[in-house]
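>>> Give me a model of this one.
(2 chains)
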Amino acid sequence: MTAKATNSTSWNEDVLQADGPVLVDFWAEWCGPCRMVSPILDQIQAENPDKITILKLNVDENPDLAMKYQITSIPAMKVFNKGEVQTTIIGAKPKFALEQDLATYLA
Amino acid sequence: MRHVIIIGSGPAGYTAAIYAARANLQPLVIASSVEAGGELMNTTDVENFPGFPEGIQGPDLMTKMQEQAERFGAEVLYDDVVDLDIAGPIKRVTLGSGAVHEATSLVYATGSAHRKIGIEGEDRLSGRGVSYCATCDGFFFREREIAVVGGGDSAMEEATFLTKFASKVYVIHRRGELRASKIMQERAFANPKIEFVWNSAVVDILGDEAVTGLVVRSTVDGSERSIPLDGVFVAIGNDPRTHLVHNKLELTPAGTVWVDGRSSRTSLHGVFAAGDVIDPTYRQAVTAAGSGTVAALDVEHFLASIGEAGAPDPDAAEIEGLAEVDAA
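All right, here's what the predicted structure looks like:
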């Protein structure tokens, strides 16, 4: 299972009302580092299907959410839990570094 | 064991890979997990790479280089080097995954990393209005006022690019003239959205949760003033990425990896370096590519000299001669 996409329409259901932690990757087609981090997030999702849900949000197509969450730099990864942002990770990182940042969720 | 491992996947690394692969050395390229393709992955139009009269997008150029290397048998790994054991005849490269790869020679082409201003607000507000990548983050500053810090080509390119989004772009530069090439300067000067703040150093970036402004100090009379704005793009240059070879390879006073004359030979037998990591001066995609060529030819010559991978290449031998004349 790789990370799925979300959008403004399904945001409440997918993210805010979800059970358990949801990592949202704010990305765009024109962002080189986003393209590098995307397959890493797919791997982390595939290896941890029950611990965390990873979703991708295209900021070009969903500028309202990018503005609401004050995104000024991508890739930006925010972990939501019970509707609240618990963790923010900014910038592309290697897999082992992302796993460290997400250790509390992946344990 | 391999003939050669190339660390780095910018123009130097991939060009070395193209040459080494064409020489049947089946190079392994460690491309990095998130920075594969190098600096050019974060640029837009590359207008000065020969052979592309209409210009080419940086990421497209790097994809083509990679395809060219792979076409001849180079193998590319998306992982990061965490440790190097390169003093002996067998060069060992440990990756983030834990895998260890061995080869008789190594090309170190890790390029350079963006330089920070080195002030308190910079780290704190990084990703909160402070950015090092205009192409990644410019989009989020539509109709806002922002600043680009720096006076070189990349600063001018970023400033010009950012006017697509921002209502105003300040260019803050320590001196009263630019280092940037004439064409980039003229483009920036002609852009009505760009305002130059000359002879000024950034001494503070303001804001709690997000950037709200910055403080500049005049390099002429020391006076300070603040400029309210929403974003700061730092483009003040790069530092050679030598962290993996500290205390292993000799460095120059400029901080680059030392190489012998015009060759790519480092202070260690069988270890070669190429691209921005050896170049404190030119740092162009084309010079890095040329430097990668030198490294691959030096590797070929080295492998032949230790009796590996065929007879010496007459071209490489000639280059060896040149380097010796230089050093003399």
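>>> In three-state terms, label the residue minimising distance to the centre of chain A for me.
Chain A has residue A:24 as the residue nearest its centroid, 2.2 Å off, counting by Cα atoms, centre = their mean. Here residue A:24 is strand, with the state taken from DSSP: H, G, I helix; E, B strand; the rest coil.
>>> Which residues lie in contact with it in this structure?
Residues in contact with residue A:24, defined by Cβ atoms under 8 Å, 6 or more residues apart in numbering or on different chains, are A:6, A:15, A:55-57, A:77-80. The way it works is simple: take the backbone N, C-alpha and C, and place the C-beta from them, glycine included.
>>> Of those, which is the nearest to residue A:33?
Of all the contacts of residue A:24, residue A:77 has the smallest distance to residue A:33: 11.6 Å, by Cβ to Cβ.
>>> For that closest one, which non-adjacent residue is spatially closest?
Distances taken as Cβ to Cβ, 6 or more residues apart in numbering or on different chains place residue A:89 nearest to residue A:77, at 4.3 Å, with adjacent residues excluded.
>>> Determine the number of other residues adjacent to the one you found.
Residues lying near residue A:89 (other Cβ atoms under 10 Å in any protein chain shown) number 19.
>>> now the helix or strand harbouring it, how far from the centre of its chain.
Assignment of secondary structure by DSSP states H and E places residue A:89 within strand A:84-90. Relative to its parent chain, strand A:84-90 has a centroid offset of 9 Å by Cα atoms, centre = their mean, to the nearest Å.
>>> Repeat that for stretch B:57-65.
Distance, stretch centre to chain centre, for stretch B:57-65: 15 Å (Cα atoms, centre = their mean).
>>> picking up where we left off before, is chain B contacted by whatever helix or strand comes next after the strand holding residue A:89?
Scanning forward in sequence from strand A:84-90, with DSSP H and E defining helices and strands, the next element found is helix A:95-101. Yes. Contact check for helix A:95-101 against chain B, using Cβ under 8 Å from any Cβ of the partner chain: residues in range are A:95-96.
>>> For chain B, which residues score under the pLDDT cut-off?
When residues are selected by pLDDT under 70, those of chain B lie in B:309-328.
>>> hmm, try it at 50
Under the criterion pLDDT under 50, the flagged ranges of chain B are B:311-314, B:317, B:320-328.
>>> Helices along that one, start to end?
Taking DSSP state H as the criterion, chain B contains helices spanning B:11-22, B:58-71, B:120-124, B:134-137, B:153-162, B:182-189, B:285-305, B:314-327.
>>> Out of those helices, which gets nearest to residue B:239?
Taking Cβ to Cβ as the measure, the helices of chain B were each checked against residue B:239, and helix B:153-162 came out nearest at 13.7 Å.
>>> that older thread, can I get the contacts of residue A:24 in CSV with pLDDT and neighbour count?
Rendered in CSV, the data for the contacts of residue A:24 read as follows (pLDDT from 0 to 100; neighbours: other Cβ atoms under 10 Å in any protein chain shown):
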residue, pLDDT, neighbour count
A:6, 96, 22
A:15, 96, 19
A:55, 97, 21
A:56, 97, 21
A:57, 97, 25
A:77, 97, 24
A:78, 97, 19
A:79, 97, 21
A:80, 97, 22
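>>> Quick check, the residue in chain B closest to chain A?
The shortest separation between chain B and chain A is 3.3 Å, found at residue B:127 (distances taken as Cβ to the nearest Cβ).
>>> For that residue, list the residues it contacts.
Taking Cβ under 8 Å, 6+ apart as the criterion, residue B:127 is in contact with A:72-73, A:76, A:90-91.
>>> and chain A, which residues reach chain B?
When proximity is defined as Cβ under 8 Å from any Cβ, chain A approaches chain B at A:28, A:30-34, A:36-37, A:40, A:59-60, A:66, A:70-74, A:76, A:90-96.
>>> Mark which of the residues you listed are buried, thanks.
Applying a neighbour-count criterion of 16 or more other Cβ atoms under 10 Å in any protein chain shown, the buried members of these are A:28, A:30-34, A:36-37, A:40, A:59, A:66, A:71-74, A:76, A:90-96.
>>> So which bits of stretch B:221-235 are buried?
So stretch B:221-235, judged by 16+ other Cβ under 10 Å, has buried residues B:227, B:229-235.
>>> Let me know the closest of these to residue B:248.
Proximity of these to residue B:248, judged by Cβ to Cβ, is greatest for residue B:234, which lies at 29.6 Å.
>>> My read is that that closest one contacts residue B:150, right?
Yes. Taking contact to mean Cβ atoms under 8 Å, the distance of 7.1 Å between residue B:234 and residue B:150 places them in contact.
>>> Domain boundaries for chain B, per the record?
Per the record, chain B has its domains at B:2-114+B:238-327, B:120-234, by automatic domain parsing.
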